[in-house]
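Participant: Dropping the sequence and predicted coords here.
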Amino acid sequence: MEIRIPYGKEKQHLEIAEDCLNGILVSQIEDYHPAATQSELVAAAIEQPEGSVKLSQLAMGKQKIVIIASDHTRPVPSKIIMPLMLGEIRKGNPAAEITILIATGFHRLTTREELVGKFGEAIVEKERIVVHDSGDDNSLVKIGTLPSGGELIINRLAAEADLLVSEGFIEPHFFAGFSGGRKSVLPGIASRVSVLANHCGEFIAHPKARTGVIEGNPLHIDMLDAARTAKLAFVVNVVINSEKEVIYAVAGDCDAAHIKGRIFLEGLCKVQATPSDIVITSNGGYPLDQNIYQAVKGMTAAEAAVKPGGVIIMLAKSNDGHGGAAFFNTFRDEKNLEQMLAGFVNTPRDETIPDQWEAQILARILLKAKVIYISAAPEAMIKEFQMTPAGDVQEALAMARDYLNNEAATVTVIPDGVAVIVE
């Protein structure tokens, strides 16, 4: 059998004997075909919002309007969503002063080239776009305290807006349950202080901080409270397929719309796994596989499907390298994974170090299974993360069988690890 697995902007081809294959876990999203175009789906959602009046009505009489938009690491189809949002706002208030605020969270700043790729040249030229910097104290302001006790500090533009809205997409998220909705504020436009408090070792270790789990998830509780405190009044969120095309859209109240969207998504992306010796997965290709940091998300799907002591093969282009200096330094400086995890869990919330959560989850995965990593990143870098580099998926599969000393090792393939909830 030949299976195509996303890798950067291309796909790698895996050939595997069917008698070794336990299953191919894919979301049913690929089988879902909407009866409308992408633009029509988004326009219809904006026209019939959940738990809110229309965006054009909200915009009436508001002078400073801020639209939170996702950054370069998210495949949100902003070229479709943003023009419709801008048009709807100006329909209600042609004189509105609109700022598009890029929600970088804890990521590096988005470049102009990436903005053009995201929005198109026209919007970048005509609209006011500000890239959020979580470490720039001069652009931040405290607006409250999170349920967990952490300070809620966000971008001043958002805090001082007369109307705050956002665009985004909903997908399974490896510790927040689902992306989208409330995440536009925390971590999207929050300060590093707030992000660190929310992403603390205690919360990441919580059994409810897992893919597809919302109820009782301590990170979600903080995130939703942050969105409410920031007065996030309206969201436009979409569900996309593997081709990054909109197949479903919701709009309205940041919680009500998000609930509707994730119910739809949950019905399509839950998959049952038979534990296998080897699990092969990816981060869905570009733009989610630009660095090792982001690739941990896809690995969590494999973690849920691999036998203890087995092998995870991860495909992630990682042309941007490790994706976080603190993330890399943690693995460079501490080789004992048990000690690393214990240190994270015992670190007080207000002393969380940058990227601690990603290191914590990767360490947890590595303690369960060997990871063979296919990327364009330097081999020395991959080895610092206690992973084994490989050139392509066929080579990696041979390496995995050698490691297990089992040519008949069972294999599960999850072509897009961030698109499924593995149960």
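Facilitator: It's in. Everything quoted here is computed from the prediction, not taken from an experiment. Numbering: from 1, shown residues only.
Participant: what about the strands in the stretch 251-400 of the chain?
Facilitator: Using DSSP state E, counting those that start in this stretch, the strands found in the stretch 251-400 of the chain span residues 270-271, 276-282, 306-315, 370-374, 388-390.
Participant: Report the spatially closest residue to L232, excluding sequence-adjacent ones.
Facilitator: Excluding the flanking residues, the one nearest L232 by Cβ to Cβ, 6 or more residues apart in numbering is C254, at 4.7 Å. Using the backbone N, CA and C atoms, a C-beta is placed for each residue, glycine as well.
Participant: ok, back up a step: columns mean pLDDT and mean neighbour count on top of the strands of the stretch 251-400 of the chain, output as CSV?
Facilitator: Shown next, in CSV, are the strands of the stretch 251-400 of the chain (pLDDT from 0 to 100; neighbours: other Cβ atoms under 10 Å):
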stretch, mean pLDDT, mean neighbour count
strand 270-271, 94, 18
strand 276-282, 98, 28
strand 306-315, 98, 23
strand 370-374, 98, 23
strand 388-390, 98, 20
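Participant: Please identify the buried residues of the strand or helix carrying H220?
Facilitator: Counting by DSSP states H and E, the element that carries H220 is helix 218-229. Neighbour-count burial for helix 218-229, counted by 16 or more other Cβ atoms under 10 Å, picks out 218-227, 229.
Participant: Specify which member of those is nearest to R401.
Facilitator: For R401, the nearest member of those is L219. The distance, counting by Cβ to Cβ, is 37.5 Å.
Participant: For that closest one, report the pLDDT, please.
Facilitator: We have a pLDDT of 97 for L219.
Participant: what residues are up against it?
Facilitator: 175-177, 198-199, 203-204, 209 (Cβ atoms under 8 Å, 6 or more residues apart in numbering).
Participant: tell me which of the residues you listed is nearest to L164?
Facilitator: The shortest approach to L164 among those belongs to N198, at 18.8 Å (Cβ to Cβ).
Participant: Please name the nearest non-neighbouring residue to that closest one.
Facilitator: Distance criterion Cβ to Cβ, 6+ apart; nearest residue to N198, sequence neighbours excluded, is D222 at 4.9 Å.
Participant: Per-residue pLDDT of the one you found, please?
Facilitator: For D222, the model assigns a pLDDT of 97.
Participant: ditto for G117
Facilitator: 95.
Participant: Spatially, and excluding backbone neighbours, which residue is closest to G284.
Facilitator: Taking Cβ to Cβ, 6+ apart as the measure, G284 lies nearest to D416, with 4.2 Å between them; neighbours along the chain are not counted.
Participant: how about the helices in the stretch 201-350 of the chain?
Facilitator: Under the criterion DSSP state H, counting those that start in this stretch, the stretch 201-350 of the chain contains helices at 201-204, 218-229, 256-269, 292-303, 325-333, 337-345.
Participant: Over to the residue nearest to L232: give its phi and psi.
Facilitator: Summarising the backbone geometry of C254 under the convention degrees, to the nearest 10, its torsions are phi -60, psi -30.
Participant: Same question for I80.
Facilitator: I80 has phi and psi values of phi -90, psi -50 when expressed as degrees, to the nearest 10.
Participant: so it touches S39, yeah?
Facilitator: Yes. In terms of Cβ atoms under 8 Å, I80 counts as a neighbour of S39; the distance is 5.6 Å.
Participant: Settle it for me: which of the two has more neighbours?
Facilitator: A direct count of neighbours by other Cβ atoms under 10 Å for I80 and S39 places I80 higher, at 20 against 16.
Participant: Give me the pLDDT value at that one.
Facilitator: The model reports I80 with a pLDDT of 98.
Participant: For it, which residues are in contact?
Facilitator: When contacts are counted by Cβ under 8 Å, 6+ apart, I80 is found next to 38-39, 42, 246.
Participant: next one: L366
Facilitator: Taking Cβ under 8 Å, 6+ apart as the definition of contact, the neighbours of L366 are 337, 386-387.
Participant: picking up where we left off before, list just the nearest of the contacts of L219 to M85.
Facilitator: Sorting the contacts of L219 by how near they are to M85, with Cβ to Cβ, puts A176 at the top with 23.3 Å.
Participant: Look up the closest residue to the closest one, ignoring the ones flanking it.
Facilitator: Nearest non-adjacent residue to A176 (Cβ to Cβ, 6+ apart): L219, at 5.1 Å.
Participant: distance of the one you found from E2?
Facilitator: Applying Cβ to Cβ, to the nearest Å, one obtains 39 Å for the distance of L219 from E2.
Participant: Next: K62.
Facilitator: Here the criterion is Cβ to Cβ. By it, K62 lies 54 Å from E2.
Participant: Give me the more crowded residue out of these two.
Facilitator: Set K62 next to E2 and count neighbours by other Cβ under 10 Å: K62 wins out with 19 against 7.
Participant: List the contacts of that one.
Facilitator: Taking Cβ under 8 Å, 6+ apart as the test, what K62 contacts is 93, 96, 162-163.
Participant: Quickly list the domain ranges of this structure.
Facilitator: Domain assignment of the chain by automatic domain parsing yields the ranges 2-25+273-422, 38-268.
Participant: right, and these - which one's nearest D31?
Facilitator: Proximity of the domains of the chain to D31 was assessed by Cβ to Cβ; the nearest stretch is domain 38-268, lying at 8.2 Å.
Participant: now the helix or strand where K118 lies: how far from the chain's centre is it?
Facilitator: K118 is located in helix 112-119, with elements delineated by DSSP H and E. Taking the mean of its C-alpha atoms, helix 112-119 sits 19 Å from the chain's own mean (Cα atoms, centre = their mean, to the nearest Å).
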